[in-house]
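S.K.: What shape does this take:
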Amino acid sequence: MVISFTGAQSTGKSTLLKAIQSDERFRKFNFVPEITRSLKDKYKLDINESGDEYTQLLTVNSHLYNYLDFKGKNVVLDRCILDGLIYTMYQYQTKKIPIEIYNYSEYLFSKLIGNVDVILYTEPDIPLVDDGERSANKEFRDTIINLFEEAIIHFKIDVVRLSGTVEQRLETIYNTFDNYGKQ
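M.R.: Residues are numbered from 1 along each chain as shown. Model (predicted):
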């Protein structure tokens, strides 16, 4: 089973990921942290609104590697190929990358998105926090949120929307997990 968090920066994904790691239901899962920050550190890349074609290529390819590394295993991802598509879309719309990279990203998205069993979309109903890594630019965040919403509709992506307090979001996650496959 592949479970992934998705959503704009500073919407609580990492907080929720850390919280479910200690839950008994998820003890058989591999947990994969967000890839963009590790790529930033390893290759000295700019990320978020400052990213470029190398950032986007490495990011979307990392989603492919995650798929290959964890195929057939239980895994919880802090971000999935939907995130790769959205941030690449932003870079393309702001003319920071060529169409070929966007097309490649959309191609990988079309190949990989069906392999994610549950997509947990963190609603942006919490304040934007500057942690020194993620972008604290509200305009950028709002644009990313809009791109997520448009893509969810356009590509008909089934997401579980997480909103409210951390406890309310966790309750939704646990209910989703406990009822998966029972419909």
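S.K.: quick one, phi psi at the most centrally placed residue in the chain?
M.R.: With distances taken as Cα atoms, centre = their mean, residue 79 lies nearest the centre of the chain, 2.5 Å away. Per-residue torsions, residue 79: phi 100, psi 150 (degrees, to the nearest 10).
S.K.: Which SSE is immediately downstream of the helix or strand that residue 15 is a member of?
M.R.: Taking DSSP states H and E as the criterion, residue 15 maps to helix 13-21. Once the chain leaves helix 13-21, the next helix or strand it forms, by DSSP H and E, is strand 30-32.
S.K.: Parallel or antiparallel, which strands does that next one pair with?
M.R.: Neighbouring strands of strand 30-32 in its sheet, by DSSP bridges, are strand 75-78 (parallel).
S.K.: Could I get the full set of strands for this protein?
M.R.: 2-6, 30-32, 75-78, 118-122, 160-162 (DSSP state E).
S.K.: so of those strands, which one's packed in deepest?
M.R.: For these, the largest average neighbour count (mean count of other Cβ atoms under 10 Å) is found in strand 2-6, namely a mean of 25. Just so you know, the C-beta spots here come from the backbone N, C-alpha and C atoms, and that holds for glycine as well.
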